[in-house]
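In: only geometry, no sequence info:
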């Protein structure tokens with residue numbers, strides 16, 4: 001069955017499985033545009049929560065799940081829970097909890113040992129997180145917000161991410177996806193440059 005919320009216009013958008021679609025909370029949503037709008041409202045609320053939050057530890061797998069739940073919890077019942085279904089991208093679902101913990105551990109090492117400059121630590125963390133693809137939906141938006149939080153924690157400004165809405169298909173999103181694919185191949189520089197563009 002095709003996903004009515006997946007318009008096929010953007011190959012980087014991953015269709016949801018039937019059991020995941022059934023966990024949509026707002027009953028009025030029937031199109032990708034309505035879904036994007038509802039998710040953005042929820043993400044805005046999560047951003048407001050972050051402004052008031054104290055002692056946030058970005059490099060913590062429990063925080064990463066909580067942040068995802070705050071970003072998407074009014075839209076999806078599975079928000080904040082690691083996916084259990086296969087995807088055309090990302091790792092096998094059963095490997096997600098360990099892979100996220102390893103990523104957090106690696107990033108703590110990078111920070112403690114100045115392995116990379118702060119921007120690169122944040123972008124490498126974000127890229128690896130989105131590559132794991134831990135959640136059924138919202139992985140890109142989640143990983144970009146996490147990169148912003150980590151950059152700020154490391155004394156840098158938030159990233160600009162092409163100064164565009166990366167949910168909407170278009171040239172800026174295509175540039176972002178191309179930078180992600182370059183990073184998949186080991187070239188982190190295009191993603192670093194895009195994040196500050």
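Out: Noted; the coordinates are in hand. All of these numbers come straight from a predicted model, not from anything done at the bench.
In: going by C-alpha atoms from here, please, whenever you check contacts or count neighbours.
Out: OK.
In: can you verify my assumption that residue 150 contacts residue 126?
Out: No - taking contacts as Cα atoms under 8 Å, residue 150 lies outside contact range of residue 126: 9.1 Å.
In: list the helices and strands the top helix by length along the chain packs on?
Out: Ranked by residue count under DSSP state H, the longest helix found in the chain is helix 32-52. If contacts are counted by 3 or more Cα pairs under 8 Å, 6 or more residues apart in numbering; DSSP states H and E, helix 32-52 sits against helix 61-72.
In: show me what the helix it packs on is packed against.
Out: helix 32-52, helix 96-112, helix 139-153.
In: next, the angle from the shortest one to helix 32-52.
Out: To tie it back to what came earlier, the one meant is helix 139-153. Interaxial angle of helix 139-153 relative to helix 32-52 (axes from the mean of the first three to the mean of the last three Cα atoms, to 10 degrees): 20 degrees.
In: show the average pLDDT along helix 139-153.
Out: For helix 139-153, mean pLDDT is 97.
In: ok so, going back, wait, which of the helices and strands packed on helix 61-72 is closest to residue 175?
Out: Closest approach to residue 175 among the helices and strands packed on helix 61-72 (Cα to Cα): helix 139-153, 13.9 Å.
In: contacts for that closest one next, please.
Out: 58-59, 64, 67-68, 71, 118-119, 121-123, 125-127, 129-130, 133, 157-159 (Cα atoms under 8 Å, 6 or more residues apart in numbering).
In: mind redoing it with 6 Å?
Out: For helix 139-153, the external contacting residues (Cα atoms under 6 Å, 6 or more residues apart in numbering) are 122, 126, 130, 133, 158, 159.
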